[in-house]
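J.: Kindly return the folded structure for what I paste below:
(2 chains)
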Amino acid sequence: MTRSNEEVAELFREYADLISITGGEAYRARVYEKAARSIGGHHTDVSTLDVKGLRDIPNVGKSIAEKTVEYCRSGSVAAVEELRAKIPAGVRRLTAIPMLGPKKAFHLYEELGISSVEELADAIHDERLRDLKGFGPKTEENLLHGIELLRSSAERVLLDTATDLADDIVTELSKVTGCRRCTHAGSLRRFRETIGDIDVLAAAETSAPLMRAFTELPYVSEVIVHGSKKTSIRTTKGLQVDLRVVPPDSWGAALQYFTGSKAHNIRTRELAVHQKLKLSEYGLFDAESDEKIVSETEEEVYARLGLPWIPPTLREDRGEIEAGLHDELPELVEEQDIRGDLHTHTDLTDGLAPLEEMVAAAAERGYAYYAITDHGPDLVMQRMTDERMLAQRDRVRELDGAYRGRGGRGLRLLHGVELNIDPDGEVDWPEEFLAGFDLCVASVHSHFNQGRAALTRRIVRACENPYVNVIGHPTTRVIGKRPPVDADLDEIFAACARTGTALEINGHPARLDLRDEDILRARRHGVKFAVDSDAHSVLHLANMRYGVGMAQRGWLTKDDVINTWPRTRLQRFLRKGGTGRKARG
DNA sequence: GCCGTTTTCGGCCCGACTGTTTTCAGTCG
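T.: Just a heads-up that it's a prediction; the model follows:
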């Protein structure tokens, strides 16, 4: 599924790069970059909008609106084609090499006709860069190294991988004498679904011991830059980690700055400029006198700009600044609001731990309720039968009796199932049998390439089943491995809202499905969500935190998430407006 | 090229590090 918005955004990103490469005004390039972001994140399909409607999108004015219409109507934009004709695509590709930006790339093309990474490698080997102004021996070396990195294409890593590494680095640096504070920032703090590099921030009077400890970590393969305020390394697995050390009284401003996103920071700094202030990682200053106003906490910095503290998961310039200025930020769902997990497995199917261990771990997490949802018989390899499922139910009821005590404050168990949505939208069992479950998750596990119409119909049919309560990992994507299915998500979102079916936000770091942009769209349809771990082991129950991170990035509140609700309200929802199952006491 | 508590023109985020251009441009985040 490619929405026109994505295509148009990519087109304007390319146009911005081409403007930079050809030495066009820097401001024009930036404007197209900003417009690309706004359009990519806009909730309405731009191909359905006219110039007037397009101009309501932030950073889209007359010229960009007209280019968008031109693209949607004809498939191309004359101004972009003009620059494409001047600059081979390979020149833009050159800027993907670290340390090689638009200026140097254009210089290489103009002077030596280099228009691909391969040609650049050859030119360096042939020593043809030697008499080029601005290209010394060190630059040559860096370029060769950059080409190597590009070819080995260090990819973005999953959230759990990045979290584990960041936690380790923070732990090690916190031990260094003189380290006053240390934490990770950047996209990891914002819970972006994948992480390109890790940002670590530390506060200390003197930075040298921290920098030294950092470069001496056992998994450092390369020190990229090494200064007194900033040091960057690459790990043996190819992941870049940046360490910034600031004076302790700059902590708040520095944390705000290094958390990003870049777009959010530009907005906050613009707000500062409008108030005759200057915001940097060292604090908020009076623009005239350079006198420091605040810097110790993020709250102070935001407050002085006229904003409430903005949760890191919202800092993407997707409307959080405007919402903050009008005091309309959502009260985001938090991990401690989660009262239970509604999608988990045991070793009865493909989980690793027995029922008793999973339930004990759920109780340990302080949950008020917990659903066991092993696979139904359609996934043949799981060898599920009616008898085995009913035997599990008996055992769940026994355990429920054992855990429920303690004055009604104990853990309540729900016996559920993860059904398979077959190519026609049917599930594993007839309604009579489904009625016996407390809750049914239904998910697509195969036939991912049915075509848009068939896939949409298939999932909508599952929503219309009176016993299906949650659509599990709705787009079935696996990050870096399997793309999301091509379905009309807006139609599915509408069906969910209409039928009282929740959409899952699956917290497995390789899934994170739905993703943040889909959550934002679904929310506009009035859909409710279930944030689940989809745990196949005791350890995986902790993946709930990544699911909550995604929910926050989708601006969800407690009210949007059914597994933050008290059990009685949840059970009303599970009855699907009376068409589905009856409540069980 | 967009935007507006600087409002239809004039401004547009800020700083660190590197390499090479002996005073700064390019790149990155």
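J.: Pick out the residue in the stretch 1-150 of chain A sitting closest to DNA strand B.
T.: A:G136 (1.8 Å; CB to the nearest atom of the strand). Just so you know, the C-beta spots here come from the backbone N, C-alpha and C atoms, and that holds for glycine as well.
J.: Tell me, what's the model's pLDDT at that residue?
T.: Note on A:G136: pLDDT of 89.
J.: Please put the alpha-carbon coordinates of stretch A:210-221 into CSV.
T.: Provided in CSV are the C-alpha atoms of stretch A:210-221 (Å, rounded to 0.1, in the frame of the first residue of the first chain):
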residue,chain,number,x,y,z
LEU,A,210,33.8,10.0,30.4
MET,A,211,35.1,10.3,26.8
ARG,A,212,37.9,8.0,27.6
ALA,A,213,35.7,5.4,29.2
PHE,A,214,33.4,5.6,26.3
THR,A,215,36.0,5.0,23.7
GLU,A,216,37.4,2.1,25.7
LEU,A,217,34.2,0.1,25.8
PRO,A,218,34.9,-3.4,24.7
TYR,A,219,32.6,-3.4,21.7
VAL,A,220,34.0,-0.2,20.1
SER,A,221,35.3,-0.9,16.6
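J.: Quick check: what element follows the helix or strand bottoming out on mean pLDDT in chain A along the chain?
T.: Comparing helices and strands within chain A by mean pLDDT, DSSP states H and E singles out helix A:137-152 as the least confident, with a mean of 87. As assigned by DSSP states H and E, the chain's next helix or strand after helix A:137-152 is strand A:157-158.
J.: Please work out which residues outside that next one touch it.
T.: With contact meaning CB atoms under 8 Å, 6 or more residues apart in numbering, strand A:157-158 is reached by A:194-195, A:239, A:479-480, A:509-510.
J.: tell me the two of those residues that are most distant?
T.: Pairwise distances across the contacts of strand A:157-158 (CB to CB) peak at 16.8 Å, for the pair A:L239 and A:A510.
J.: Looking at those two, which has the bigger crowd around it?
T.: Of the pair A:L239 and A:A510, A:L239 is the one with more neighbours under other CB atoms under 10 Å, namely 21 against 18.
J.: Next, that one: phi, psi?
T.: phi -90, psi 130 (degrees, to the nearest 10).
J.: Would you confirm that it contacts A:D164?
T.: No: using CB atoms under 8 Å, A:L239 makes no contact with A:D164, being 11.1 Å away.
J.: For A:T163, list the residues it contacts.
T.: Residues in contact with A:T163, defined by CB under 8 Å, 6+ apart, are A:L188.
J.: what helix or strand does it sit in?
T.: helix A:159-174.
J.: Pull out the buried positions in that helix.
T.: A:159-163, A:165-166, A:169-170, A:172-173 (16 or more other CB atoms under 10 Å).
J.: List just the nearest of the residues you listed to A:R575.
T.: A:L159 (34.7 Å).
J.: Nearest residue to that closest one in space, ignoring adjacent ones along the chain?
T.: A:P509 (4.6 Å; CB to CB, 6 or more residues apart in numbering).
J.: Please report the distance of that neighbour from DNA strand B.
T.: 22 Å (CB to the nearest atom of the strand, to the nearest Å).
J.: So that residue is in contact with A:R545, correct?
T.: No: using CB under 8 Å, A:P509 and A:R545 do not qualify as a contacting pair, with a distance of 10.0 Å.
J.: of these two, who's got more company?
T.: Under the neighbour definition other CB under 10 Å, A:P509 and A:R545 were set side by side, and A:P509 has more, 20 against 17.
J.: quick one, phi psi at the more buried one?
T.: With angles defined as degrees, to the nearest 10, A:P509 sits at phi -60, psi -20.
J.: doesn't A:V200 fall inside a helix?
T.: No: the assignment for A:V200, made by DSSP: H, G, I helix; E, B strand; the rest coil, is strand rather than a helix.
J.: Would you mind confirming that it makes contact with A:L188?
T.: No: A:V200 is beyond contact range of A:L188, at 9.4 Å (criterion: CB under 8 Å).
J.: okay, and the common contacts of these two?
T.: In contact with both A:V200 and A:L188: A:A166, using CB under 8 Å, 6+ apart.
J.: if I look at A:R393, how far off is DNA strand B?
T.: Distance from A:R393 to DNA strand B, by CB to the nearest atom of the strand: 52 Å.
J.: just A:L239 next, same as before
T.: 12 Å.
J.: For that residue, which non-adjacent residue is closest in space?
T.: Per CB to CB, 6+ apart, closest to A:L239 is A:V157, 6.1 Å.
J.: Give me the neighbour count for that neighbour.
T.: Counted with other CB under 10 Å, A:V157 comes out at 22.
J.: A:S47: what secondary structure?
T.: helix.
J.: per-residue pLDDT, the nearest residue to A:D337 once chain neighbours are set aside?
T.: Nearest residue to A:D337 in three dimensions, chain neighbours excluded: A:T564, at 4.4 Å (CB to CB, 6+ apart). Reading off the confidence values, A:T564 has pLDDT 98.
J.: quick one: contacts for A:T564?
T.: Residues in contact with A:T564 (CB under 8 Å, 6+ apart) are A:333, A:337-339, A:558.
J.: repeat for A:H540
T.: Contacts of A:H540 by CB under 8 Å, 6+ apart are A:508, A:533-534.
J.: In helices, which of the residues you listed fall?
T.: The members of the contacts of A:H540 all map outside helices under DSSP state H.
J.: so which of these would you say is closest to A:A363?
T.: A:S533 (15.0 Å).
J.: just for chain A, where's the confidence low?
T.: In the predicted model, chain A carries pLDDT under 70 at residues A:1-3, A:153-154, A:406-409, A:579-580, A:582-585.
J.: Using the record's assignment, carve it into domains.
T.: A:1-87, A:96-153, A:157-246, A:251-325, A:335-578 (automatic domain parsing).
J.: out of the ones you listed, deepest packed?
T.: domain A:335-578 (a mean of 20; mean count of other CB atoms under 10 Å).
J.: Narrow the contacts of strand A:157-158 to those in helices?
T.: Per DSSP H, those never map to helices.
J.: Could you export the residues you listed to JSON lines, including columns for distance to A:I114?
T.: JSON lines is the format used below for the contacts of strand A:157-158 (distance: CB to CB, whole Å):
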{"residue": "A:T194", "distance to A:I114": "31"}
{"residue": "A:I195", "distance to A:I114": "32"}
{"residue": "A:L239", "distance to A:I114": "29"}
{"residue": "A:I479", "distance to A:I114": "34"}
{"residue": "A:G480", "distance to A:I114": "31"}
{"residue": "A:P509", "distance to A:I114": "40"}
{"residue": "A:A510", "distance to A:I114": "38"}
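J.: Out of these, list just those in strands.
T.: Within the contacts of strand A:157-158, residues falling in strands by DSSP state E are A:194-195.
J.: A:P209: which of the contacts of strand A:157-158 is nearest?
T.: Nearest to A:P209 among these: A:L239, at 23.4 Å, using CB to CB.
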